[in-house]
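Visitor: my questions concern the predicted model and sequence given below.
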Amino acid sequence: MNAPARPDLTSLPAWRALTEHHAAIAEVHMRELFATDPGRAGRYALEAAGLFLDYSKNRITDDTLRLLAQLAREAGVEDLRARMFRGEAINATEGRAVLHTALRRPRGDVVVVDGENVVEAVHAVLERIETFTESVRSGAWRGHTGESIRHVVNIGIGGSDLGPLMACEALRPYGHPGLTMHFVSNVDGTHMAETLKRVDAASTLFIVASKTFTTQETLTNAHTARAWLVEQLGSDAAVAKHFVAVSTNAREVGAFGIDTANMFGFWDWVGGRYSLWSAIGLPIALYVGMANFRELLAGANTLDRHFESAPLEANLPVILALLGVWYSNFFGAATHAVLPYDQSLHRFPAYLQQLDMESNGKRVTREGAAVDYATGPVLWGEPGTNGQHAFYQLIHQGTRLVPGDFIVPLDSHHPIGRHHTLLLANCLAQTEALMRGKTADEARAELAAGGMSGAALEALVPHKVFPGNRPSNTVLVQKLTPAVLGALIALYEHKVFVQGAIWNINSFDQWGVELGKQLAKAIEPELEGRAGGSHDSSTAALIERVRTRRSA
Ligand SMILES: O=P(O)(O)OC[C@H]1O[C@H](O)[C@H](O)[C@@H](O)[C@@H]1O
């Protein structure tokens, strides 16, 4: 299981060469690079799986790309990629394979784990999902009182929430008109209470989605929902027609009271944040139908094949990953923005936050040594153009370097009037402005043309200057179809993989979420006065204040 320890990242020849190269080009402005190289946009563009990437507005030259690809090679990206696709247990701290790519393989493909072809098992579950979703969508599946299903409430959190929620939002144009989707994740009772106000029990299906089926938030919400349903419909027997489960843990599903005939399984080689392709995608399949769900899988599989076979220099996720490494490790950028110019991708940044930050927010190497370089960035974003009117000021004129990905479809699902032309124009204008900036002379000339002069003009000039040289990627897609969405998600999954491989961290565990959970378990009885504990003075005083001041 244990591969030989890799040399430290910063001692690799390519790393050293990149350090020198960075010193040489750090001050070079992209305006200059574009002015002296008419072929730049054509050379720094790639297309695969319905995604077109323009990465020419980056602070790179041919040398940068050559050295970054060399870094990927020296860091063993290709070897780890092969080991992931083969199903080796590359998630060493949990002793697990990492095989979300097997979930989107066509029938007939073979991926063997522990002597079993998992692709067959994957398709067997897909067939069960197909049968179930068709019966719900057609109205054949009846609730306890004989009504068909009109509301679906997914109860899950993290990877058992963000993926299905994001994809259902993104694929609204494909959604079943008679189904309203709801997602409850937060243990804050408000989330469940406000959702239950909007559904009626007789026509509601609850999906309890939890890989482990032990997650406190999800189990608490599921118990509340079940009690509500039983009260509304007046019978425990109603649970059978209104609750299904998605989990790897049949025992706990049974203990909760859901018949395992109504359970859709998956496997421990599917990480939570990589699970929307598994039965965790049940809400997606219910909403957009199985044919579209299969398209989503097929789009991701096309990107997988590209990732697996394209040379590093022409490999979309590899290029995105290398650019991220370039900014994180050589320019000191601490953050990365994802800016979809598509309202239906409004939860995409939130989804990517878990994917990227839970995967690469690590501080020790796969061998357990503390890293001496930066790892995953703080990822964030909002749909354009809303961001433009909120935080783009900092991206244009602030003191921090914020590389960003601009994602936009050429065709809208809602081509009303000139909306989409305006949206596209804004997207293209922003990346141009970030790259070019505005010099003092340009600002001066503009102010003069507006009738200003003298000291007043000069006083304004510094405020009107945009330094530019701010990097961005532009991802163009024809239209946000299920296949394109699948490819887009897979693009980021593999980007995260490549970065984790270079940083030599395990992108597939998440021990960092455990300590808070542990402490919450200890504090919970203390808040109710059922136990005492030993804490720092701040936590102790806060517990005391909560215990004595809350009214219920
Ligand atoms: O699906 P579950 O087992 O309920 O887990 C839900 C989520 O909670 C955990 O704490 C992890 O941080 C996430 O990676 C996971 O997706």
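Guide: Everything's here; your move. Numbers count the residues shown, from 1 in each chain.
Visitor: how near is the spatially closest residue to F34 that is not a sequence neighbour to L401?
Guide: Nearest non-adjacent residue to F34, counting by Cβ to Cβ, 6 or more residues apart in numbering: R40, 5.8 Å away. Quick note: C-beta positions are derived from backbone N, CA and C, even for glycine. Per Cβ to Cβ, to the nearest Å, R40 is found 20 Å from L401.
Visitor: do the same with G516
Guide: Counting by Cβ to Cβ, the gap from G516 to L401 is 31 Å.
Visitor: in terms of neighbours, single out the busier of these two.
Guide: Using other Cβ atoms under 10 Å as the criterion, G516 and L401 rank with L401 on top: 17 against 9.
Visitor: can you give me the strands for the protein?
Guide: Ranges of strands in the chain, per DSSP state E, are 45-48, 51-54, 112-113, 116-117, 151-155, 180-184, 204-209, 243-247, 263-265, 335-340, 378-380, 404-409, 472-477.
Visitor: for P7, give me the pLDDT.
Guide: With respect to pLDDT, P7 scores 88.
Visitor: can you give me phi and psi for it?
Guide: phi -60, psi 150 (degrees, to the nearest 10).
Visitor: ditto for W269
Guide: Main-chain dihedrals, W269, degrees, to the nearest 10: phi -90, psi 10.
Visitor: just confirm it contacts V118, I think it does.
Guide: Yes: when contacts are counted by Cβ atoms under 8 Å, W269 is listed as touching V118 (7.5 Å).
Visitor: what do those two both touch?
Guide: G87, L99, A102 (Cβ atoms under 8 Å, 6 or more residues apart in numbering).
Visitor: rebuild those residues as CSV, extending it with neighbour count.
Guide: Shown next, in CSV, are those (neighbours: other Cβ atoms under 10 Å):
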residue, neighbour count
G87, 18
L99, 25
A102, 26
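Visitor: could the residues you listed be laid out in a markdown table, adding pLDDT?
Guide: Shown next, in a markdown table, are the shared contacts of W269 and V118 (pLDDT from 0 to 100):
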| residue | pLDDT |
| --- | --- |
| G87 | 96 |
| L99 | 98 |
| A102 | 98 |
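Visitor: now, which of the residues you listed sits nearest A390?
Guide: L99 (39.2 Å; Cβ to Cβ).
Visitor: what's the nearest residue to the closest one if we skip its chain neighbours?
Guide: Take L99 and drop its neighbours on the chain: the residue closest to it by Cβ to Cβ, 6+ apart is W269, 4.3 Å away.
Visitor: what residues are up against the one you found?
Guide: G87, R96, A97, V98, L99, A102, V113, V118.
Visitor: now the residue nearest the centre of the chain: how far from A222?
Guide: Centroid-nearest residue in the chain: L352, 2.0 Å away (criterion: Cα atoms, centre = their mean). Computed as Cβ to Cβ, the L352 to A222 distance reads 27 Å.
Visitor: one more: T548?
Guide: As judged by Cβ to Cβ, T548 and A222 stand 31 Å apart.
Visitor: T474 too?
Guide: Taking Cβ to Cβ, one finds T474 at 42 Å from A222.
Visitor: show me which of these two is the more surrounded one.
Guide: Higher neighbour count among T474 and A222: A222, with 26 against 22, using other Cβ under 10 Å.
Visitor: test my guess that that one contacts F256.
Guide: Yes: with contact defined as Cβ under 8 Å, A222 counts as touching F256 (6.7 Å).
Visitor: tell me, what's touching these two both at once?
Guide: Among the neighbours of A222, those also in contact with F256 (Cβ under 8 Å, 6+ apart) are V208.
Visitor: taking the contacts of W269 one by one, which sit in helices?
Guide: Members of the contacts of W269 lying in helices (criterion: DSSP state H): V118.
Visitor: let me know the pLDDT of the residue located most distally from the centre of the chain.
Guide: Distance from the C-alpha centroid of the chain peaks at G454, with 50.9 Å (Cα atoms, centre = their mean). Per-residue confidence at G454 stands at 97 (pLDDT).
Visitor: and if you look at P4?
Guide: P4 is given a pLDDT of 64.
Visitor: up against the ligand, what does the stretch 151-300 of the chain have?
Guide: Contacts of the stretch 151-300 of the chain with the ligand, taken as Cβ under 6 Å from any ligand atom, map to I157, G158, G159, S160, S210, K211, T212, T215, T218, G272, R273.
Visitor: kindly recompute the last result at 5 Å.
Guide: Counting by Cβ under 5 Å from any ligand atom, the stretch 151-300 of the chain comes close to the ligand at G158, G159, S160, S210, K211, T212, T215, T218, G272.
Visitor: and the chain, by the same measure?
Guide: Near the ligand, when you scan the chain using Cβ under 5 Å from any ligand atom, you find G158, G159, S160, S210, K211, T212, T215, T218, G272, Q510, V513.
Visitor: how about a markdown table for these, with neighbour count added?
Guide: Listed next are the residues of the chain next to the ligand as a markdown table, based on neighbours: other Cβ under 10 Å:
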| residue | neighbour count |
| --- | --- |
| G158 | 20 |
| G159 | 25 |
| S160 | 30 |
| S210 | 28 |
| K211 | 25 |
| T212 | 14 |
| T215 | 20 |
| T218 | 26 |
| G272 | 22 |
| Q510 | 21 |
| V513 | 11 |
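Visitor: quick check: the farthest pair among those?
Guide: Checking the residues of the chain next to the ligand with Cβ to Cβ, the most distant pair is T218 and Q510, at 15.9 Å.
Visitor: domains in the chain, by residue range?
Guide: Using the TED database, the domain parsing of the chain gives 103-294, 514-551.
Visitor: who wins for proximity to L9 among those domains?
Guide: Using Cβ to Cβ, the nearest of the domains of the chain to L9 is domain 103-294, at 23.4 Å.
Visitor: now do the end-to-end distance for that closest one.
Guide: Distance between the two ends of domain 103-294: 11 Å, counting by Cα to Cα, to the nearest Å.
Visitor: do stretch 348-365 as well
Guide: Its first and final residues considered, stretch 348-365 spans 28 Å by Cα to Cα.
Visitor: repeat that for stretch 384-395.
Guide: One end of stretch 384-395 sits 13 Å from the other (Cα to Cα).
Visitor: that stretch: which residues count as buried?
Guide: Judged by neighbour count (16 or more other Cβ atoms under 10 Å), stretch 384-395 contains these buried residues: G384, T385, G387, Q388, F391, Y392, I395.
Visitor: would a markdown table of the residues you listed with distance to P317 and pLDDT be doable?
Guide: As requested, the buried residues of stretch 384-395 are exported to a markdown table (distance: Cβ to Cβ, whole Å; pLDDT from 0 to 100):
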| residue | distance to P317 | pLDDT |
| --- | --- | --- |
| G384 | 23 | 85 |
| T385 | 27 | 92 |
| G387 | 24 | 96 |
| Q388 | 27 | 97 |
| F391 | 26 | 98 |
| Y392 | 26 | 98 |
| I395 | 24 | 98 |
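Visitor: quick check: the farthest pair among those residues?
Guide: T385 and I395 (13.4 Å).
Visitor: make CSV from the buried residues of stretch 384-395 and add distance to E147 to it.
Guide: As requested, those are exported to CSV (distance: Cβ to Cβ, whole Å):
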residue, distance to E147
G384, 41
T385, 42
G387, 42
Q388, 45
F391, 45
Y392, 48
I395, 50
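Visitor: so which of those belong to helices?
Guide: With DSSP H as the criterion, helices contain Y392, I395 from among the buried residues of stretch 384-395.
Visitor: between the buried residues of stretch 384-395, which is nearest T64?
Guide: Nearest to T64 among the buried residues of stretch 384-395, counting by Cβ to Cβ, is I395 at 21.8 Å.
Visitor: quick one: contacts for the residue nearest to F508 when sequence neighbours are not counted?
Guide: In space, and not counting its chain neighbours, F508 is closest to N91: 3.8 Å by Cβ to Cβ, 6+ apart. Contact partners of N91, counting by Cβ under 8 Å, 6+ apart, are A97, V98, G271, N506, F508, D509.
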